[in-house]
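3D model of this:
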Amino acid sequence: MAVGARDVTDTPIEIRSGQTLANVSIVLTDKLNEINGTVLNAQGLPVPDYTILAFPTDSSLWRPQARQIMTARPDQTGKYRIRGLPPGDYYLATVDPAEQGEWFEPAYLDEHRAGAARLTLGDGDVKTQDFKVRTEK
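This is a model prediction of the structure:
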């Protein structure tokens with residue numbers, strides 16, 4: 001959604017009683033972005049015990065319920081899929097299963113930024129990001 005030339009999709013705008021907004025644009029799309037891949041250990045075996053965390057490189061978007069932060073759990077074959085992130089630049093990291101909502105905490109995200117993979121999603125992109133994780137025996 002844009003008001004004039006300003007994108008307000010993820011930024012609240014203040015509207016006063018009786019105020020009229022002009023030049024408002026709402027754009028809908030049927031293009032769905034997707035990130036998929038596998039999580040395997042060094043021996044090439046699936047590792048379903050981790051969570052894949054996708055979060056934006058722009059830390060100003062690190063807030064509760066942000067549509068740019070999503071997680072997925074791999075299935076028993078190690079495959080995962082994250083669908084519906086808006087276009088943008090993202091970090092992807094494998095994390096231990098977190099407490100519900102913990103991944104919206106800026107300190108938690110900052111902790112996982114260093115070792116994360118980076119990718120850019122455009123409209124309708126399907127990207128693959130595989131992970132090799134070290135598991136303790």
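
can you tell me which residues contact residue 122?
By C-beta atoms under 8 Å, 6 or more residues apart in numbering, residue 122 lies in contact with 33, 87. Any C-beta I mention is one placed from the backbone N, CA and C, and that applies to glycine too.

Now do it against residue 90, distance only.
Per C-beta to C-beta, to the nearest Å, residue 122 is found 12 Å from residue 90.

just residue 118 next, same as before
7 Å.

out of the two, which sits in the more crowded spot?
residue 90 (27 against 11; other C-beta atoms under 10 Å).

Give me the three-state assignment for that one.
At residue 90, secondary structure determined by DSSP: H, G, I helix; E, B strand; the rest coil is strand.

low pLDDT regions in this structure?
1-2, 6-11, 98-100, 136-137 (pLDDT under 70).

Strands of that one, start to end?
Remark: strands assigned in the chain by DSSP state E are 2-3, 6-7, 24-25, 34-41, 51-56, 70-72, 79-83, 88-95, 117-121, 126-128, 131-133.

Common neighbours of residue 118 and residue 90, please.
In contact with both residue 118 and residue 90: residue 57, using C-beta under 8 Å, 6+ apart.

Tell me which of the strands of the chain sits most buried.
Most buried of the strands of the chain, by mean neighbour count (mean count of other C-beta atoms under 10 Å): strand 51-56, with a mean of 22.

Return the list of strands paired to that one, each annotated with direction.
Sheet pairing of strand 51-56 (DSSP bridges) gives strand 70-72 (antiparallel), strand 88-95 (antiparallel).

Dump those strands into TSV; add distance to residue 104 as well.
TSV is the format used below for those (distance: least, C-beta to C-beta, whole Å):
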stretch	distance to residue 104
strand 70-72	10
strand 88-95	13
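
Quick one, which of those strands gets closest to residue 3.
Of all those, strand 88-95 sits nearest to residue 3, with 19.9 Å by C-beta to C-beta.
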